[in-house]
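Chemist: Turn this into a model:
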Amino acid sequence: MISKSEERRNQILVGAFKLFWVKEYADVTTADLEEIIGLSRGAIYYKVKNKEGLYRAVIDKFVFELLSNSLEREELASNETPFLSFIMNELNLMKERMNSVRNSLIDANSTRSHFLALL
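Modeler: So this is what the prediction gives:
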């Protein structure tokens with residue numbers, strides 16, 4: 001059985017997810033959150049520290065679940081939204097960073113091998 005606290009947190013995350021799905025992060029106001037979630041500002045921010053914390057909690061709870069299902073991912077990709085654009089951009093940045101780190105490691109290994117060969 002889910003606790004009242006967990007139920008309230010889920011209510012907040014579901015409402016915030018719906019709002020972030022249709023509006024850009026910068027355009028979401030506390031009044032928007034209060035209206036869609038149906039709770040006061042104090043109740044919302046008691047469960048999450050601030051808007052950034054709420055956004056991160058939404059991503060943790062929903063986005064990774066959505067991206068894990070390829071059928072839903074294809075359906076979402078055909079419906080452009082600010083939230084989806086942000087997520088796709090973040091995923092591309094993560095991919096670029098991972099490639100950069102990998103290339104740095106390859107360069108470091110070849111430099112080390114070259115150095116050891118000189119000894």
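Chemist: Number of residues surrounding the nearest residue to residue 21 once chain neighbours are set aside?
Modeler: Take residue 21 and drop its neighbours on the chain: the residue closest to it by Cβ to Cβ, 6 or more residues apart in numbering is residue 83, 4.7 Å away. C-betas here are computed from N, CA, C, even on glycine. Burial of residue 83, expressed as a neighbour count using other Cβ atoms under 10 Å, amounts to 23.
Chemist: now swap in the one 3 residues further on and tell me
Modeler: If you count neighbours by other Cβ under 10 Å, residue 86 ends up with 16.
Chemist: and what of residue 82?
Modeler: Applying the criterion other Cβ under 10 Å, we find 16 residues in the vicinity of residue 82.
Chemist: what's the model's confidence in stretch 89-107, averaged?
Modeler: What stretch 89-107 shows for mean pLDDT is 71.
Chemist: related to what we said a few turns ago, would you check that the residue nearest to residue 21 makes contact with residue 20?
Modeler: Yes: between residue 83 and residue 20 a contact is recorded at 5.1 Å, counting by Cβ atoms under 8 Å.
Chemist: Do a quick rundown of the helices in the chain.
Modeler: Using DSSP state H, the helices of the chain run over 4-22, 30-37, 41-47, 51-58, 64-68, 70-77, 82-118.
Chemist: among those, which gets the worst mean confidence?
Modeler: Minimum mean pLDDT among these: helix 70-77, a mean of 56.
Chemist: Distance of residue 54 relative to residue 103?
Modeler: In this view, residue 54 and residue 103 are 35 Å apart by Cβ to Cβ, to the nearest Å.
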